[in-house]
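1. return a 3D structure for these sequence lines:
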Amino acid sequence: PTSWTIPSLASMLTGLNPNVHGIEARGQLMDRRIPTLFEMLEDQGYAIGDTSYTLTEPSINSVFKKQEIAADVALSEGRSEESYLLSWMQEHKDQPFFAWVHFHTSHLPYRAAPPYNQMFLEDIDLEALQDQQIEFVRSHIIVRKGEVEFDPQRHAGAVRALFTQTLRQQDAKIGKVLQRLEELGLKDNTLIVITADHGEELLEHGFVGHASTSWDSSVYDALIHVPLLFYYPKTFPAGKRIDAQVRMIDILPTLLDALNIPLTANIQGQSLLPLIQGTGDFQEDSAFSETTPCGYSCPKRLENHRRRAVRTNEWKLIANDTPDTGDTSYELYHLAEDAGETRNVHAEYPEIAAEFKQDMQRWLEAPQQFAYQTEKVEEQHYLDLDVELRPIVLFPKVGTVLTPQTYNTRVLVQWIGQEHAEYIIEYEVGTGAYHITGELEVVGTEHWFGPFPEDIWQALPLYNPWKFRVIPRQYPQYPSEWITFEMKNK
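-> This next block holds a predicted model:
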């Protein structure tokens, strides 16, 4: 239902879209009156596992509603997320249990461990793998849209290969969980669900990552269309593939239905069991998605900006809201003919666009049917200052090549920051005899160098690579990322 982790997980565990359960931005706490999958299963005698590191995150902890989290799982992010789960299942193998684990392996940076980091490279340009842009993807948690100058034709294959390596490593971790269930004799008596909180864009629309890592996210299918697998031999037919559109909010009612547990809560999702088993009536509904442009990393000034979508298997409407200006732009895609969402046909199909706008309004008004209220975390989040003060370099980007023609023998350095604040441009250029480091003091959010005489410009490429970062003079602990670019004579 969204392009980043926290709201999606809350939707999976409540059967409600983010605008109803209320977790739409960093630091928001869910209304404790909202029933959750944890509580529903615990009421039926299931042991509830504190088996996912995300349970320590304040918003998700407000869904879990328990303060005590094992230290081993709290420290497992990005490492062996499944290790505590394996031991926990061993301890609770003789009673009904609900255990959930969230894997971080396939998030940025895309840096799989051996031997996975050597896989899927057969058809990849090895020179492209050495480019600064690809190294940035390998080494950075945040790859802000516009900060790196990708060449999709050159870099898309390498980015996809790196991401696939992390998926293969994550697949091995899931394999360990399934193997332990087999060893415990529990596999065929366990309802197993494998899904994802969001997708990752891999240069399909110009950037890499998702909302929390990009700062300019979207609700294209690369980010919201995720896999969903059920395994439960007692109930689900093996190998069956469902073509109908289903949603994250449908997981909770489907699990309860498969376990013969009555659903008493008022939710937005519906059980998929009739669809899977081919029995009874299943009314396919549209899917509603909503995200801020930058997810967990959003500064306060952008938290009320929204990208929204209403989707069926055939059509999809996207609305991009900018409250600062009151503008809303729309995109309409005929998914049946344009699965990659490359051709906006909003102007060509006004009646279909109007129908989907009306449906989007239905989803936007849904919170009125519920009496829930979002609670706000009172203490300041550690990211609040970071996202407000850390400069974001707009130009040059990682991988930019500057020539005399770029700006008529001038060089521009530009960033997002505070308009009248003092900054330091720290630079390191060249190698060997041409290696130079230094600092320049500037005011504002851009600085021009030059124009340079022709003989000076001819010498600038000798100092490649050029590397710099922007540092707020008053807050030196919040520097921008290092940006590496090159100078050429033509």
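2. C-alpha from now on. contacts and neighbour counts both.
-> OK.
3. centroid residue for this structure?
-> Nearest to the mean C-alpha position of the chain, by Cα atoms, centre = their mean, lies H210 at 3.3 Å.
4. pLDDT score assigned to the residue nearest to it when sequence neighbours are not counted?
-> Nearest residue to H210 in three dimensions, chain neighbours excluded: E200, at 5.3 Å (Cα to Cα, 6 or more residues apart in numbering). E200 is assigned 95 on the pLDDT scale.
5. what's the burial count for E200?
-> 25 (other Cα atoms under 10 Å).
6. contacts only, for it.
-> Listed by Cα atoms under 8 Å, 6 or more residues apart in numbering, the contact partners of E200 are V208, G209, H210, A222, L223.
7. most surrounded residue in the residues you listed?
-> H210 (33 neighbours).
8. surely that residue is in contact with T5?
-> No. In this structure H210 lies outside contact range of T5 using Cα atoms under 8 Å: 9.3 Å.
9. anything in contact with each of those two?
-> H198.
10. element containing the residue sitting furthest away from the middle of the chain?
-> The C-alpha centroid of the chain is most remote from D455, which lies 46.9 Å away (Cα atoms, centre = their mean). Secondary structure assigned from DSSP states H and E places D455 in helix 454-459.
11. likewise I60?
-> helix 58-64.
12. identify the residues contacting that helix?
-> For helix 58-64, using Cα under 8 Å, 6+ apart, the contacting residues are 6, 9-10, 13, 23, 26-32, 36, 38, 54-55, 67.
13. go on, stretch 155-170?
-> With Cα under 8 Å, 6+ apart as the criterion, stretch 155-170 contacts 103, 105-106, 110-113, 116-121, 124-125, 128-129, 134, 137-138, 202-203.
14. make it 7 Å
-> 105-106, 110-112, 116-117, 119-121, 124, 128-129, 134, 202-203 (Cα atoms under 7 Å, 6 or more residues apart in numbering).
15. mind picking out the helix or strand in this structure with the poorest mean pLDDT?
-> Lowest on mean pLDDT, DSSP states H and E among the helices and strands of the chain sits strand 375-376, with a mean of 71.
16. quick one, helices of the stretch 101-250 of the chain?
-> Ranges of helices within the stretch 101-250 of the chain are 126-129, 132-139, 152-183, 211-214, 221-224, based on DSSP state H, counting those that start in this stretch.
17. over to the stretch 301-450 of the chain?
-> Under DSSP H, counting those that start in this stretch, the stretch 301-450 of the chain gives helices at 350-364, 382-389.
18. any chance of the ones you listed in a markdown table, plus mean neighbour count, mean pLDDT and distance to A309?
-> Formatted as a markdown table, the helices of the stretch 301-450 of the chain follow (neighbours: other Cα atoms under 10 Å; pLDDT from 0 to 100; distance: least, Cα to Cα, whole Å):
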| stretch | mean neighbour count | mean pLDDT | distance to A309 |
| --- | --- | --- | --- |
| helix 350-364 | 15 | 98 | 7 |
| helix 382-389 | 15 | 81 | 26 |
